[in-house]
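In: Could you look at this predicted model? Sequence included:
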Amino acid sequence: MEWLVPILVAIIGGPLVVVVQKLREENTSQHAEARDLLHKLAHKVDKVDEKLDGHIEWHLLKTRRKKNES
């Protein structure tokens with residue numbers, strides 16, 4: 001009867017380990033995908049930041065010119 005326990009553990013545990021390993025692989029690929037998306041988002045935010053800085057500078061120069069003309 002003692003031989004039954006290891007067999008039952010293998011029958012139950014084997015498929016369970018396979019499922020956990022598969023979920024682990026999917027999780028790793030999802031993390032990689034999320035990291036790539038965050039990198040792209042950060043790049044786009046930097047572009048918007050540069051454009052916004054340029055636009056604010058344009059307004060400041062325009063305001064200074066008007067003050068100098070007055």
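Out: Looks like it came in fine.
In: Poorly predicted segments of this protein, please.
Out: 70 (pLDDT under 70).
In: ok, 80 please
Out: 67, 69-70 (pLDDT under 80).
In: burial count for residue 69?
Out: 6 (other Cβ atoms under 10 Å). The way it works is simple: take the backbone N, C-alpha and C, and place the C-beta from them, glycine included.
In: and it, how far is that from residue 41?
Out: 42 Å (Cβ to Cβ, to the nearest Å).
In: Residue 54 now?
Out: For residue 54, the distance to residue 41 - Cβ to Cβ - is 21 Å.
In: do residue 32 as well
Out: 15 Å.
In: now do residue 11
Out: 46 Å.
In: Could you do residue 64 as well?
Out: 35 Å.
In: Residue 17 now?
Out: Distance, residue 17 to residue 41, by Cβ to Cβ: 36 Å.
In: what does residue 58 give?
Out: 26 Å.
In: for residue 49, same thing?
Out: Distance, residue 49 to residue 41, by Cβ to Cβ: 12 Å.
In: One more: residue 65?
Out: For residue 65, the distance to residue 41 - Cβ to Cβ - is 36 Å.
In: same question, residue 13
Out: In this view, residue 13 and residue 41 are 41 Å apart by Cβ to Cβ.
In: again with residue 53
Out: Taking Cβ to Cβ, one finds residue 53 at 19 Å from residue 41.
In: which residues are in contact with stretch 32-40?
Out: For stretch 32-40, there are no surrounding residues in contact (Cβ atoms under 8 Å, 6 or more residues apart in numbering).
In: Now do that stretch: distance to the chain's middle.
Out: Distance of stretch 32-40 from the chain centroid (Cα atoms, centre = their mean, to the nearest Å) equals 4 Å.
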